[in-house]
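Chemist: here you go, sequence then predicted model.
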Amino acid sequence: MATAAQITANQLNAQRSTGPRTEAGKQTVSRNARTHGLAAKKFFLSDDDKPLFAELREGLVEHYQPATDHERLLLEELAEAKWRCRTARSMEASFFEIVIDDVRKADPALTREHALAQVFLRDDLQKRMRLMMRYLSSAERAAEKARKELERVIAIRGEAEQLEQQRAAILANRLCSVPAPQAPAGPRAVAPNPAARNDSRPDSDPISNSLSPA
């Protein structure tokens with residue numbers, strides 16, 4: 001029977017696991033990849049799962065509104081990682097249900113809680129649980145990494161767009177503050193001078209002056 005310290009150590013070892021190193025172990029993992037897709041390098045979807053995955057991806061598109069090819073690629077990676085998380089959690093729940101049923105078949109007197117406790121007490125069940133937890137932890141880390149990267153790229157784009165809007169607003173304000181050019185003034189009209197007209201006329205008639213008595 002494993003002690004509490006052994007259980008904790010097993011869980012820590014599962015987190016630090018680097019995967020199989022022998023050829024036999026690698027072949028086993030390869031078969032697992034074809035079975036459930038959690039260890040596959042290429043994303044795996046059955047025909048039944050495709051509509052559910054499309055619904056998941058559409059929800060992410062509606063939430064994040066990717067605007068560039070890079071953002072759409074990151075969103076695709078996030079959708080795949082979240083799907084692997086969903087698959088791993090579903091398999092985890094099924095795993096515990098199967099274990100409980102098997103243990104209670106061997107000992108019908110056990111309650112569900114006592115049967116579930118056997119997962120942490122039996123070495124053979126712990127080995128299976130460590131494998132399940134490794135798949136789940138890997139999927140959750142990948143999903144978190146993809147989410148952070150997508151949100152980081154979207155935030156950078158948002159800051160750039162906001163800066164561009166501010167620059168456009170500043171330029172528009174400057175254009176509005178510049179006075180409109182005025183049309184050049186034409187030649188100035190000079191008003192006639194009545195005094196000048198009077199001075200140009202002779203003071204008297206020279207003929208009349210010659211006939212007038214001295």
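Modeler: Arrived safely, thanks for sending.

Chemist: for the top helix by length along the chain, packing partners?
Modeler: Longest helix of the chain, by residue count under DSSP state H: helix 123-177. If you count contacts as 3 or more Cβ pairs under 8 Å, 6 or more residues apart in numbering; DSSP states H and E, helix 123-177 packs onto helix 4-16, helix 50-64, helix 69-106. Bear in mind the C-beta positions are built from the backbone N, C-alpha and C, glycine included.

Chemist: number of nearby residues for Arg128?
Modeler: 14 (other Cβ atoms under 10 Å).

Chemist: surely it meets Phe95?
Modeler: Yes: using Cβ atoms under 8 Å, Arg128 is in contact with Phe95, at 7.1 Å.

Chemist: Glu164: which of the helices and strands packed on helix 123-177 is closest?
Modeler: For Glu164, the closest of the helices and strands packed on helix 123-177 is helix 69-106, at 17.3 Å, according to Cβ to Cβ.

Chemist: name the residues of the closest one that are buried.
Modeler: The neighbour-count check on helix 69-106 (16 or more other Cβ atoms under 10 Å) flags 71, 74-88, 95-96, 99-100, 103-104 as buried.

Chemist: what's the angle from that helix to helix 123-177?
Modeler: Helix 69-106 runs at 160 degrees relative to helix 123-177, counting by axes from the mean of the first three to the mean of the last three Cα atoms, to 10 degrees.

Chemist: and the next element down the chain from helix 69-106?
Modeler: The element immediately downstream of helix 69-106 (helix or strand, assigned by DSSP states H and E) is helix 112-117.

Chemist: what packs against that following helix?
Modeler: Against helix 112-117 (3+ Cβ pairs under 8 Å, 6+ apart) you get helix 69-106.

Chemist: and the helix it packs on with helix 50-64, angle?
Modeler: 130 degrees.

Chemist: now for helix 69-106, which elements pack on it?
Modeler: helix 50-64, helix 112-117, helix 123-177.

Chemist: average model confidence for the second one?
Modeler: So that's helix 112-117. Regarding helix 112-117, the rounded mean pLDDT is 88.

Chemist: repeat that for stretch 136-150.
Modeler: pLDDT averaged over stretch 136-150 gives 93.

Chemist: again with stretch 163-178
Modeler: 85.

Chemist: again, but for stretch 72-89
Modeler: 93.
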